[in-house]
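A.B. asks: Turn this into a structure:
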Amino acid sequence: MPYPFLEEEKHKHVTNKLARSVLKKVAKETNLSYHQVIMDFRKGDIEITTAFWCILNEENPKNFNRVDYCSGCNSFTLYHEEEAN
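C.D. replies: Coordinates of the predicted model:
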């Protein structure tokens, strides 16, 4: 079952601030600019993405397992989806 957001709540991007905070930490750890980290993350760079999930899971264990980017809002939304059995 997806993270319990209604469609209109999802579009408010209530977890954008958290996602961006983690990306800033990734930028600091990798000595890359924040802008470059965001661009690489959006492109699916494996090192940036791995660093993102490591930091996020360290700070928020098992709370999230999916991220979406809304290009219209320039915002991220984090979710938790249950694994299908």
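A.B. asks: in the chain, which spans are strands?
C.D. replies: Using DSSP state E, the strands found in the chain span residues 66-70, 75-79.
A.B. asks: Can you tell me the strand partners of the last one and which way each runs?
C.D. replies: It stands for strand 75-79. Applying DSSP bridges, strand 75-79 is found paired with strand 66-70 (antiparallel).
A.B. asks: what residues are up against the closest residue to Leu18 other than its chain neighbours?
C.D. replies: Distance criterion CB to CB, 6 or more residues apart in numbering; nearest residue to Leu18, sequence neighbours excluded, is Leu78 at 6.4 Å. Where C-beta positions appear, they are placed from N, C-alpha and C, glycine not excepted. With contacts defined as CB atoms under 8 Å, 6 or more residues apart in numbering, the neighbours of Leu78 are 3, 15, 18-19, 56, 63-64, 66-67.
A.B. asks: ok, now Asn63?
C.D. replies: Taking CB under 8 Å, 6+ apart, we find Asn63 in contact with 78, 80.
A.B. asks: rerun that using 10 Å as the cut-off
C.D. replies: The neighbours of Asn63, taking CB atoms under 10 Å, 6 or more residues apart in numbering as the test, are 3, 15, 18, 56-57, 78-80.
A.B. asks: Now pLDDT and distance to Gly72 too, for those, in CSV please.
C.D. replies: Listed next are those as CSV, based on pLDDT from 0 to 100; distance: CB to CB, whole Å:
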residue, pLDDT, distance to Gly72
Tyr3, 47, 20
Thr15, 91, 17
Leu18, 95, 20
Leu56, 96, 23
Asn57, 94, 28
Leu78, 92, 18
Tyr79, 87, 18
His80, 84, 23
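A.B. asks: Mind picking the two most distant members of these?
C.D. replies: The distance between the two most remote of these (CB to CB) is 15.3 Å, for Tyr3 and Asn57.
A.B. asks: okay, these two: which has more neighbours?
C.D. replies: Between Tyr3 and Asn57, Tyr3 has the larger neighbour count (other CB atoms under 10 Å), namely 17 against 14.
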